[in-house]
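**Student:** Give the three-dimensional model of this entry:
(chains A and B)
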Amino acid sequence: MDLIRLKNVKKQYKNGVTAIYDLSLSIKKGSFVFVIGGSGSGKSTFIKMLYREEKPTKGSIIVGGVNVAKLRNKKVYKLRRKLGIVFQDYRLLPKLNVYENVSFAMEVIGAKKDETRRKVLKALELVGLKNKIHNYPDQLSGGEQQRVAIARAIVNEPKLLICDEPTGNLDPDRSMEIVKVLEEINKTCGTTVIMATHDKEIVNKMQKEVISLKDGRLISHIEKGGYNENI
Amino acid sequence: MKIFRMLGRSIRDAFKSVFRNFSLSIASISCITITLIIVALSILASFNVENFTKEIEKDMTIVVFLESNSDENTIRYVTNRIKNLSNVESYDFKDKATVKKEMQQESSIFNTIMEDWNNEDNPLKDTYQIKVKKIEDISKTAKTIEKIKGVSVVRYGAGMVDKMVQAFSSIEKVAYGVVIALVVVTVFLIINTIKLTIFSRKREISIMRLVGASNFTIKIPFIIEGMILGVIGSIIPICIITFGYLAFYQHFDGYLYSKLIELIQPEPFIYEVSLIIVGIGILVGMIGSASAVRKYLKV
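**Tutor:** As a prediction, this is how the structure comes out:
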C-alpha cells in the first residue's frame, strides 16, 4: 500500500526559480528509501514538501491519506504528529538534557507523564543512548546528538521518518552507525524511512530503494540498488 | 485532562521565561509601567471631570418669576402648566414672602432694607425653581414656560455654566483620546520588546512546530507571559495612583479650587481605577505577545 503519492508536482519559488518539475511517484508503506541528487537537484525541496514546510505550486502530495498540498498552515501540526523529522544540524535544544529533548516532543502534544517516560526510554534504548539521558547536547559527539534527534523523531511512533541529510555533518563511521539505527527502526517498528543524502558509500552499501533527482526532475526510481552515477 | 496538563505546562513555562529572559522582561515591564502611569493619571482626570460635569448639570435649574402681585388663580394655572411639561422633573414654588425671608437671612443689608416691607409693598415676585430631566432641552423648556400667561421672566444657567460644561466635556474627550493613544503605543512597544524575547526562542518554536505542537499550544505560554508582564507592570502605577490620589484628595479637602468642583471620593474609586489599570496591563501584554509570536508560526 502506498504511504506517499505525488502526482504532477511542480514547485516554483517566489523568486521564479523552479525546483521541481512535474514529479510523480509513490512510496510504499514500510520501505526504506534514499533520495539522492546533487546540489540544486530539488532533493531538499522534495523532502520539505513532504512535511509541508513548502507547499507545491501545482499537483497533489498525499502523505498517509492527507493531501499536504491543500493543508492549511493552522492544521500542519496534524500532519507533523504522524511523522518524525531528522535534520543535518540535529536541532536539539541546548538547555535541555537528552531525556528532556526527547520528552519535549511528547509534552508539547499533551502526552501523559508516565506514557512519556515509557516511550522516551524506549526510543533512547533503540538509538543506544539510554545511559546518557542526563547529558546535555554539548556533552555529546555529533553522532550521539543525531541519535538523540532520531529518538525525538520516533518517540511518537510515527508511520514515516523523514531524514534530511542526517549524516551530512558526520564522519563515515558515525554516518554508517546512524543509517544502521534508521534501518533498525525501519525493521523493528515498520516505520517508513525516507532519507535524503549525497553519501555514495552509504547508498551503495545499503542496497535499498533509490529515488534519483536531477535539476528538479526524476531520473530514476529503483526498488533496490546503489548510487546513480548519472546525477 | 489534556487541556489542564497543557495549561499547567504553559503557566510553568511562562513563569520560567519571565525569569530566564530577565533583562528583556524588565524592559517590557518598565515600558508597561511608564505608560500605565500616564494612562492612570488620564483616567483619574477624565473620571473626575466627568463627575463634576454631572454635578454641575444636576444643579442647573430654570428660575421662573411670575408677574408682580399674581393672584391665586394665576399661581394655580401656572403651576398646573409647569407640572404638565414633559421635561420637568421637579419644581419648587416660593411666594414672594418666602423669598423675602430667605434674602433677609442671607444678608444683614437685605435684612435692614426689607424689614419694613409688608406684603403689599414687597416688590419681589413669586418664583419657581424647576429641575429638568434632559439638560440638553433646557432652553426649549425655558421658552415654553416663558409663553405661559402670568409668567414675567424666565432665567436658566445659560452662558457661563454652558461654557464650563462644554470646556469640561472637551477636556474629558482629550483625556480619553490620550488613554486610547497611549494604550495603542504601549501595545506596539510591547510587541517589539516581546519580539526580542521570542527571537531568542525562535529555534524552540520551530522545533515545537516540527514535532507537531499546534499553534495554539505554542502561543499560550507567550500569551501568559505577556499577561504576567502586564500584571507586574501595573504594580507601580497602582501604588502611585492609590497613594497619590489619597494624598491629593486630603490635601485639597475633596474640592479643587472652589466648592463647585468636587473630587470623587477615593473609596471605592481608586480600587475601580486600579482594576481598570490591571485590566489594561493584562490586555496590552496579551495582545502584544500574541501578535509578536504570530510571525514565528509560519514555519
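**Student:** B:V154 contacts B:I145, correct?
**Tutor:** Yes - between B:V154 and B:I145 there is a contact at 5.3 Å, judged by C-beta atoms under 8 Å. C-beta here means a position set from N, CA and C on the backbone, and glycine is covered the same way.
**Student:** what sits in contact with each of the two?
**Tutor:** B:62, B:64 (C-beta atoms under 8 Å, 6 or more residues apart in numbering or on different chains).
**Student:** on contacts alone, who are the packing partners of the biggest helix by length in chain A?
**Tutor:** Assignment by DSSP state H gives helix A:172-189 as the longest helix of chain A. Other elements packing on helix A:172-189 under the criterion 3 or more C-beta pairs under 8 Å, 6 or more residues apart in numbering or on different chains; DSSP states H and E are strand A:32-36, helix A:113-126, helix A:142-154, strand A:160-164, strand A:192-197, helix A:200-206.
**Student:** where does chain B have low pLDDT?
**Tutor:** The model of chain B has pLDDT under 70 over residues B:157-162, B:165, B:260, B:298-299.
**Student:** Apart from its chain neighbours, what residue comes closest to the most centrally placed residue in it?
**Tutor:** Geometric centre of chain B, nearest residue: B:F47, 2.4 Å, by C-alpha atoms, centre = their mean. Leaving aside its sequence neighbours, B:F47 sits nearest to B:I264 (C-beta to C-beta, 6 or more residues apart in numbering or on different chains; 6.3 Å).
**Student:** and that neighbour, that one's in a strand?
**Tutor:** No - assigned with DSSP: H, G, I helix; E, B strand; the rest coil, B:I264 falls outside any strand and is coil.
**Student:** so what's it up against?
**Tutor:** Counted by C-beta under 8 Å, 6+ apart, B:I264 has contacts B:47-48, B:51.
**Student:** Show me which parts of stretch A:73-91 are buried, residue by residue.
**Tutor:** For stretch A:73-91, the buried set under the neighbour-count rule, 16 or more other C-beta atoms under 10 Å in any protein chain shown, comprises A:76-77, A:79-88, A:90-91.
**Student:** Ignore what I typed, I meant stretch A:202-221.
**Tutor:** Within stretch A:202-221, the residues scored as buried using 16+ other C-beta under 10 Å are A:202-203, A:206, A:208-214, A:216, A:218, A:221.
**Student:** Okay, and which of those map to strands?
**Tutor:** Judged by DSSP state E, strands contain the following of the buried residues of stretch A:202-221: A:208-214, A:218, A:221.
**Student:** any idea how far stretch A:64-83 is from the chain center?
**Tutor:** 15 Å (C-alpha atoms, centre = their mean, to the nearest Å).
**Student:** who touches it?
**Tutor:** Against stretch A:64-83 from outside (C-beta under 8 Å, 6+ apart): A:3-4, A:9, A:49-52, A:55-56, A:59-63, A:109, A:156, A:158-162, B:209-215, B:297-298.
**Student:** Centroid-nearest residue for chain A?
**Tutor:** The centroid of chain A falls nearest to A:I162 when counting by C-alpha atoms, centre = their mean (1.5 Å).
**Student:** So that residue is in contact with A:E53, correct?
**Tutor:** No - counting by C-beta under 8 Å, A:E53 is not a contact partner of A:I162; they are 10.3 Å apart.
**Student:** just to revisit the earlier point, show me what the mean pLDDT comes to for the longest helix of chain A.
**Tutor:** Averaged over helix A:172-189, pLDDT sits at 92.
**Student:** Buried ones in that helix, by neighbour count?
**Tutor:** Neighbour-count burial for helix A:172-189 [16+ other C-beta under 10 Å]: A:174-179, A:181-182, A:185-186, A:189.
**Student:** Near chain A, which residues of chain B? Just list them.
**Tutor:** Neighbours of chain A within chain B, by C-beta under 8 Å from any C-beta of the partner chain: B:2-3, B:5-6, B:9, B:203-204, B:206-215, B:217-218, B:297-299.
**Student:** switch to 6 Å and redo it
**Tutor:** Neighbours of chain A within chain B, by C-beta under 6 Å from any C-beta of the partner chain: B:2, B:5-6, B:204, B:207-208, B:210-215, B:217.
**Student:** Can you select the buried ones among these for me in PyMOL?
**Tutor:** To isolate the buried members of the residues of chain B next to chain A in PyMOL, using 16+ other C-beta under 10 Å:
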select buried, chain B and resi 6+204+207+208+210+211+212+213+214+215+217
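**Student:** As CSV, the residues of chain B next to chain A with secondary structure would be great.
**Tutor:** Converted to CSV, the residues of chain B next to chain A look like this (three-state DSSP):
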residue, secondary structure
B:K2, helix
B:R5, helix
B:M6, helix
B:E204, helix
B:I207, helix
B:M208, helix
B:L210, helix
B:V211, coil
B:G212, coil
B:A213, coil
B:S214, coil
B:N215, helix
B:T217, helix
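**Student:** for the residues of chain B next to chain A, which one is nearest A:H198?
**Tutor:** Nearest to A:H198 among the residues of chain B next to chain A, counting by C-beta to C-beta, is B:L210 at 22.5 Å.
**Student:** May I have the beta-bridge partners of A:T18?
**Tutor:** Here A:T18 sits in beta bridges with A:Q12, going by DSSP bridges.
**Student:** per-domain residue ranges of the chain.
**Tutor:** Just so you know, I chose chain A. Domain assignment of chain A by automatic domain parsing yields the ranges A:1-82+A:158-231, A:92-157.
**Student:** ah, no, chain B please
**Tutor:** According to automatic domain parsing, the ranges for chain B are B:2-56+B:162-298, B:61-156.
**Student:** hmm, back to that, determine which two of the buried residues of stretch A:202-221 are furthest apart.
**Tutor:** A:M206 and A:G216, at 25.1 Å, using C-beta to C-beta across the buried residues of stretch A:202-221.
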